[in-house]
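>>> Give me coordinates for this.
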Amino acid sequence: MINIIQVEDHCLVTEGVKAFITAEPDMCCMATCASGENLMQVLKSHQPDVILMDVNLPDTTGIELCKLVKDKYPAIVVIALSINNQPGIIRKMVESGASGYVLKDVSRQEILEAVRTVAKGKTYFSRSASVALRKPETDDLPPLTRREREVLELIADGYTNPQIAETLFVDVTTIDFHRKNMLSKYKVKNTAALIKVAVSNNLI
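Sure, this is the predicted structure:
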């Protein structure tokens, strides 16, 4: 039996994947987690064979989370399941310890094949991920967390920090932290430059 934990913050994706995993006689979905913090709590009591992990999460990135999981639980195998096909992101997931990378445009059968393959100690890359890896790496930008994307989209729409805080039901200091963190992450000096980088690289 292959025990699996999903890390995904989109309910429709979670429920869909869970349904077809549960239908397989050799697979069991032990738990579903909507954030990195949630996963690390669950792993204290439930350790699966395979983790299906989204790259963009509300509180962290799959790259950071994968490294944390592999450092603490090296026997657990991680597969990235993402819409992100940037070669740099795929490579960084592999460097962080992921054994596979599957884009969300694949069929149900391919996800199942990926799980069975990595559970045997092999690696698995979906065809579209393999194609993306063969592309020349022009930009190697770090991904945004889900919350950073939300903040950046509102900034691009002209919202002020207090307006963003009110919209997202958080403190203004939290928004200011995200803004400063993104400026540092993308090595830009102001918000206008940050938005330009984000738009030109399809980050938002």
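
>>> Going by C-alpha atoms from here, please, whenever you check contacts or count neighbours.
Fine.

>>> C-terminal to the lowest-mean-pLDDT helix or strand in the chain, which secondary structure element comes first?
Here the helix or strand of the chain ranked lowest by mean pLDDT, DSSP states H and E is helix 127-134, holding a mean of 77. Scanning forward in sequence from helix 127-134 by DSSP states H and E, the next helix or strand is helix 146-156.

>>> what comes into contact with the very next helix or strand once past that following helix?
Downstream of helix 146-156, the first helix or strand assigned by DSSP H and E is helix 161-168. With Cα atoms under 8 Å, 6 or more residues apart in numbering as the test, helix 161-168 has contacts from Val151, Leu154, Ile155, Asp171, Val172, Thr174, Ile175, Asp176.

>>> Okay, the second one and Leu194: tell me how far apart.
I take that to be Leu154. 13 Å (Cα to Cα, to the nearest Å).

>>> In the longest helix belonging to the chain, which of the residues would be classed as buried?
Scanning the chain for the helix with the most residues, using DSSP state H, yields helix 172-185. For helix 172-185, burial by neighbour count (16 or more other Cα atoms under 10 Å) applies to Val172, Ile175, Asp176, His178, Arg179, Met182, Leu183.

>>> With the flanking residues excluded, which residue is spatially nearest to the residue most central in space within the chain?
In the chain, the residue lying closest to the centroid (Cα atoms, centre = their mean) is Val55, at 1.2 Å. Using Cα to Cα, 6 or more residues apart in numbering and skipping residues adjacent in sequence, the residue nearest Val55 is Gly62, 4.0 Å away.

>>> can I assume the one you found is in contact with Met53?
Yes - Gly62 lies in contact with Met53 (Cα atoms under 8 Å); the separation is 6.6 Å.

>>> where do the contact lists of these two overlap?
By Cα under 8 Å, 6+ apart, the residues touching both Gly62 and Met53 are Ala80.
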